[in-house]
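Chemist: I would like to see how this sequence folds:
(one chain, ligands or ions: 1)
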Amino acid sequence: MRPLIYAANWKLHHGPSAAREYAARFLELTRPVPDRELWFFPPAVSIASVADVFRCRPDIWVGAQNVCWELKGAFTGELSLAHAVEVGATLTLVGHSERRQVFGETDEQSARKVKAALASDVTPLLCVGETLAEREWGRTEEAVRRQLDPVVALVTDAGERARVLIAYEPVWAIGTGRNAAPHDAADAHRFIRAYLAERGWPGRVRVLYGGSVNAANTLALLAEPELDGVLVGGASLTAEGWAEIVGLGG
Ligand code: PGA
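Modeler: Residues are numbered from 1 along each chain as shown. Modelled structure (predicted):
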């Protein structure tokens with residue numbers, strides 16, 4: 001069995017009490033499995049309660065959905081990496097398509113967040129992926145390159161680069177019930193790896209797939225060796241549903 005990461009992105013669901021109940025139930029339903037890491041991205045206000053309940057599970061990691069590139073200062077409404085770490089976060093999503101599409105986050109801002117996360121010893125999971133229009137115009141690779149380039153330019157240290165993970169999440173597949181075909185996802189992952197390797201990225205970068213992953217398609221997706229795991233929104237929202245999915249890969 002190769003190592004796999006199952007990452008749950010709860011988006012704007014589960015406040016502190018609901019998150020705590022979910023985590024407690026999830027503990028009852030699952031046990032650690034070698035080479036399987038379970039990652040949770042609750043809303044910022046719920047990180048503390050989730051991290052608290054999962055403290056006893058070395059295979060479970062908790063993170064933020066978004067962070068500021070500055071640790072403190074005049075940044076109203078932002079989440080400081082220092083504060084996220086203080087309540088138990090060791091990971092963060094960066095540049096999720098909802099940050100980019102709904103809140104206008106730029107590729108450069110995402111790169112700064114990756115850099116800041118690394119400086120705070122927080123593992124960044126950088127999300128990239130094309131829109132439907134980009135896919136239809138044959139511009140998938142161009143879109144992904146555009147999102148990766150500022151990160152390549154800003155994160156130059158080999159040790160830091162080795163700690164970055166990528167989530168390939170085609171925008172048209174997120175929350176739509178329409179997942180990428182496993183071989184298309186694998187092609188995109190292969191492209192991302194080759195592109196980064198050509199730019200001196202060390203080792204084999206870990207790439208997760210996200211976009212309408214569910215209990216029915218997880219196994220087919222993970223049958224592609226190019227996928228190092230999945231990043232899941234809707235299908236991770238109940239402890240029972242998510243426990244079923246994380247149990248599928250053995
Ligand atoms: P979805 O979301 O699984 O609901 O498509 C994935 C994501 O946005 O990370």
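
Chemist: which residues are in contact with the closest residue to the ligand within the chain?
Modeler: Nearest to the ligand in the chain, going by CB to the nearest ligand atom, is residue 233, at a distance of 2.5 Å. In short, each C-beta sits where N, CA and C put it, glycine included. Under the criterion of CB atoms under 8 Å, 6 or more residues apart in numbering, the neighbours of residue 233 are 9-11, 174-175, 210.

Chemist: looking at those residues, which two lie furthest apart in space?
Modeler: 10 and 174 (14.0 Å; CB to CB).

Chemist: Throw the contacts of residue 233 into CSV and include secondary structure, thanks.
Modeler: Formatted as CSV, those follow (DSSP: H, G, I helix; E, B strand; the rest coil):
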residue, secondary structure
9, strand
10, coil
11, coil
174, coil
175, coil
210, strand
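
Chemist: now rank those by neighbours and give me the top one.
Modeler: Within the contacts of residue 233, neighbour counts (other CB atoms under 10 Å) peak at residue 210, which reaches 28 neighbours.

Chemist: isn't that residue right next to residue 8, touching?
Modeler: No. Applying CB atoms under 8 Å as the test, residue 210 and residue 8 come out as separate, 10.5 Å apart.

Chemist: mind listing the shared neighbours of those two?
Modeler: residue 232.

Chemist: residues of this structure that sit close to the ligand?
Modeler: Contact residues (CB under 6 Å from any ligand atom) of the chain with the ligand: 9, 169, 174-175, 210-213, 231-235.

Chemist: redo that, cut-off 5 Å
Modeler: 9, 174-175, 210, 212, 231-234 (CB under 5 Å from any ligand atom).

Chemist: who's sitting farthest from the centroid in the protein?
Modeler: Here the chain reaches farthest from its C-alpha mean at residue 74, the gap being 27.2 Å by CA atoms, centre = their mean.

Chemist: hang on, that residue in a helix?
Modeler: No. Residue 74 sits outside any helix when classified using three-state DSSP, being coil.

Chemist: count of neighbours near the closest residue to residue 174 other than its chain neighbours?
Modeler: Excluding the flanking residues, the one nearest residue 174 by CB to CB, 6 or more residues apart in numbering is residue 211, at 4.9 Å. Neighbour count for residue 211, taken as other CB under 10 Å: 26.

Chemist: my guess is residue 130 contacts residue 144. True?
Modeler: Yes. Using CB under 8 Å, residue 130 is in contact with residue 144, at 6.7 Å.

Chemist: those two: which is more packed in?
Modeler: Per other CB under 10 Å, whichever of residue 130 and residue 144 has more neighbours is residue 130, with 26 against 21.

Chemist: residue 133: helix or strand, and which one exactly?
Modeler: For residue 133, the element it lies in under DSSP states H and E is helix 132-136.

Chemist: and that helix, what does it pack onto?
Modeler: If you count contacts as 3 or more CB pairs under 8 Å, 6 or more residues apart in numbering; DSSP states H and E, helix 132-136 packs onto helix 140-154.

Chemist: please export the C-alpha coordinates of the helix or strand just after the helix it packs on as PDB.
Modeler: Under the assignment DSSP H and E, the closest C-terminal helix or strand after helix 140-154 is helix 158-161. Taking C-alpha atoms only, helix 158-161 is exported to PDB below (Å, rounded to 0.1, in the frame of the first residue of the first chain):
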ATOM      1  CA  ALA A 158      15.000  23.100  -1.600                       C
ATOM      2  CA  GLY A 159      14.100  22.200   2.000                       C
ATOM      3  CA  GLU A 160      11.000  24.500   1.900                       C
ATOM      4  CA  ARG A 161      10.000  23.200  -1.500                       C
END
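
Chemist: list the buried residues of helix 158-161.
Modeler: 160-161 (16 or more other CB atoms under 10 Å).
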